[in-house]
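>>> I need the structure of the sequence given here:
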Amino acid sequence: MITVKYFGAIAEKTGSQTEEFSFADMSLHHLLSALEQKYQFKELSFSVAINQKILQDTANYQLKGDDIIALLPPFAGG
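Numbering: from 1, shown residues only. This next block holds a predicted model:
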């Protein structure tokens, strides 16, 4: 299973904080595209973390069956 965790405005948009997907051999880019179609959050900006490490290049990451993906809104200082 792949777990996706949602935070901030993304969690509000999806109506949940986590979602699990059956693992299929797919790229992170494919998963993010599917989530964008499902939730229409193209206007939201976010960073993507895999297993607690923020990725700069999401286009080439190949998902593994135990990955935990976090969609993180921009951080605000204070």
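>>> so residue 10 makes contact with residue 41?
Yes: Residue 10 lies in contact with residue 41 (CB atoms under 8 Å); the separation is 6.3 Å. C-betas here are computed from N, CA, C, even on glycine.
>>> which one's more surrounded, those two?
More crowded of residue 10 and residue 41, by other CB atoms under 10 Å: residue 10, with 21 against 17.
>>> distance of the closest residue to the more buried one other than its chain neighbours from residue 33?
Leaving out its chain neighbours, the residue that sits closest to residue 10 by CB to CB, 6 or more residues apart in numbering is residue 71, at 4.9 Å. From residue 71 over to residue 33 the distance is 13 Å, taken as CB to CB, to the nearest Å.
>>> neighbour count for the two, which is higher?
Just comparing residue 71 and residue 33: by other CB under 10 Å the higher neighbour count belongs to residue 71, 22 against 12.
>>> now do the contacts for the more buried one.
By CB atoms under 8 Å, 6 or more residues apart in numbering, residue 71 lies in contact with 4, 5, 6, 7, 10, 35, 46, 47, 48.
>>> just the ones of these in helices?
10, 35 (DSSP state H).
>>> got TSV for the contacts of residue 71, with distance to residue 58 too?
Shown next, in TSV, are the contacts of residue 71 (distance: CB to CB, whole Å):
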residue	distance to residue 58
4	13
5	15
6	16
7	17
10	15
35	12
46	11
47	9
48	5
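>>> I would like a PyMOL command selecting only the buried ones among the contacts of residue 71, please.
Applying 16 or more other CB atoms under 10 Å to the contacts of residue 71, the buried members can be selected in PyMOL as follows:
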select buried, resi 4+5+6+10+35+46+48
